[in-house]
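[1] this one's structure only:
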Ligand SMILES: C[S@@+](CC[C@H](N)C(=O)[O-])C[C@H]1O[C@@H](n2cnc3c(N)ncnc32)[C@H](O)[C@@H]1O
């Protein structure tokens, strides 16, 4: 999904691995990707990738980067690390070697011994996988799921990035209604409304690299201007309902903070009462989880059965549901056309897709 998003933004020659998509782009890509990517966690700059079987190789590989071009004299550096299936398995030791090498590179270039780390924050990560070190700089700061609209959450809120991914995977078109009858704090309807409007998800927040003096400031103002101009005024129908009045209040508040309250019709409603006269609609939801929230499995089963009954009454609608419940298809009453394995945090879920 992320690779697809990048292609839509015009980036080609993507290399897709498990958990990350890499590509080359100009400095402006840093601003554009932070503002626009709906399903990415972070935008990182790859500074170096090299074999590192011992500390000397790690030190020399890090030293070889032209750090002075990327870090100001007063950079406030945090070095993080991780190591998987590698000889260098002590993460704190790797972090400290990398920091030492960066400081050494800066000392040589600037001919001074001390640096005050009082300036902008630079999060640098050394990640070792099978003895290959990758050094990255994090341009995002807070994870990109933090769009800036969620003041409060319901009981088991979806991450905004995952909710956006669910909507994008459904290939919802704005001439069809979209409904989440188990909307909780409203993450799916809010993300859908932002997609429907072509609103850049990062417009209401800032990013770590915006404070970096090493990047031209105009890349951010240009990208923000372009994003504002790209917003469309289309009308479409997004319905959001939940049985719980309290959580709906939170959902309305989040929608207001996201600036999409006018685009979503909120209603307190039991799932069994859901109906719509709209044609070719999309239900996108994530039913209660059961054990994770200490919910009674019987109640969870009832909700899923009710969802199945509601769906069978909606002739030409499609249903997309993210569930961790093992017997979801049996409860809905039919086999999904497609199941996608997805993780919600560390909970293994399936995204059940019923298309019409
Ligand atoms: C897993 S949560 C949904 C979380 C939501 N996607 C979010 O991001 O906040 C499931 C929701 O189903 C609602 N729910 C449970 N039983 C229901 C019922 N019978 N009718 C309607 N909503 C119900 C709960 O109140 C809860 O908000």
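    Happy to help now that I have it. Since we're looking at a predicted model, the values are computed, not measured.
[2] Give me the phi and psi angles of residue 114.
    In this entry, residue 114 is assigned phi and psi values of phi -120, psi 140 (degrees, to the nearest 10).
[3] what number of residues lie near it?
    6 (other C-beta atoms under 10 Å). (Glycine included, C-beta is placed from N, CA and C.)
[4] quick one: it from residue 74, how far?
    According to C-beta to C-beta, to the nearest Å, residue 114 and residue 74 sit 11 Å apart.
[5] Enumerate the residues of the protein near the ligand.
    With the criterion set to C-beta under 6 Å from any ligand atom, the chain comes near the ligand through 154, 156-158, 182-185, 187-188, 242-244, 247, 270-271, 286, 288-289, 303.
[6] element containing residue 252, please.
    Element membership for residue 252 (DSSP states H and E) is helix 245-258.
[7] And the contacts of that helix?
    With contact meaning C-beta atoms under 8 Å, 6 or more residues apart in numbering, helix 245-258 is reached by 147-155, 183-187, 189-190, 193-194, 204, 240-242, 261, 264, 266, 268.
[8] cutoff 6 Å now
    149-152, 154, 183-186, 190, 242, 261, 264, 266, 268 (C-beta atoms under 6 Å, 6 or more residues apart in numbering).
[9] For these, which single residue is the most surrounded?
    residue 186 (34 neighbours).
[10] Could you find the closest non-adjacent residue to that one?
    Spatial nearest neighbour of residue 186, chain neighbours left out: residue 251 (3.1 Å); criterion: C-beta to C-beta, 6 or more residues apart in numbering.
[11] distance of the one you found from residue 278?
    Remark: distance between residue 251 and residue 278 (C-beta to C-beta) = 20 Å.
[12] out of those two, which sits in the more crowded spot?
    Applying other C-beta under 10 Å to residue 251 and residue 278 shows that residue 251 carries more neighbours, namely 28 against 16.
[13] residues in contact with residue 11?
    Residues near residue 11 by C-beta under 6 Å, 6+ apart: 23, 25.
[14] Can you tell me the SS state at residue 236?
    coil (DSSP: H, G, I helix; E, B strand; the rest coil).
[15] Any idea how many residues pack against it?
    Residue 236, neighbours per other C-beta under 10 Å, totals 17.
[16] again, but for residue 271
    Residues contacting residue 271 under the criterion other C-beta under 10 Å number 20.
[17] swap in residue 235?
    Neighbour count of residue 235, defined by other C-beta under 10 Å: 10.
[18] Look up the pLDDT of the residue in the chain that the ligand sits nearest to for me, please.
    Going by C-beta to the nearest ligand atom, the ligand is nearest to residue 184 of the chain, at 2.7 Å. Note on residue 184: pLDDT of 94.
[19] With residue 274 instead?
    In this prediction, residue 274 carries a pLDDT score of 95.
[20] One more: residue 294?
    With respect to pLDDT, residue 294 has a value of 64.
[21] about what we covered before: would you mark the buried spots in the helix holding residue 252?
    247, 248, 250, 251, 252, 253, 254, 255, 257, 258 (16 or more other C-beta atoms under 10 Å).
[22] Would you state the helices of the chain in chain order?
    For the chain, helices defined by DSSP state H occupy the ranges 2-8, 28-36, 55-63, 67-70, 91-110, 160-170, 187-196, 218-230, 245-258, 297-312, 328-332.
[23] Just the residues contacting the first one, thanks.
    Defining contact as C-beta under 6 Å, 6+ apart, one finds that helix 2-8 is touched by 14, 16, 21, 37, 39, 40.
[24] Got a quick PyMOL command for the buried subset of those?
    The PyMOL selection below is limited to those of the contacts of helix 2-8 classed as buried (16+ other C-beta under 10 Å):
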select buried, resi 21+37+39+40
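[25] any chance of the contacts of helix 2-8 in JSON lines, with pLDDT too?
    Conversion of the contacts of helix 2-8 to JSON lines gives the following (pLDDT from 0 to 100):
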{"residue": "14", "pLDDT": "97"}
{"residue": "16", "pLDDT": "95"}
{"residue": "21", "pLDDT": "97"}
{"residue": "37", "pLDDT": "98"}
{"residue": "39", "pLDDT": "98"}
{"residue": "40", "pLDDT": "98"}
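[26] Sort out which of the contacts of helix 2-8 are in strands and list them.
    Among those, DSSP state E puts 16, 21 in strands.
[27] Need the residue closest to the centroid of the chain.
    The chain has residue 161 as the residue nearest its centroid, 2.9 Å off, counting by C-alpha atoms, centre = their mean.
[28] Surely it and residue 39 touch.
    Yes - at 5.2 Å, residue 161 and residue 39 qualify as touching, with contact defined as C-beta atoms under 6 Å.
[29] Common neighbours of the two, please.
    With C-beta under 6 Å, 6+ apart, residue 161 and residue 39 have no common neighbours.
[30] For stretch 66-85, measure first residue to last.
    Separation of the first and last residues of stretch 66-85 by C-alpha to C-alpha, to the nearest Å is 28 Å.
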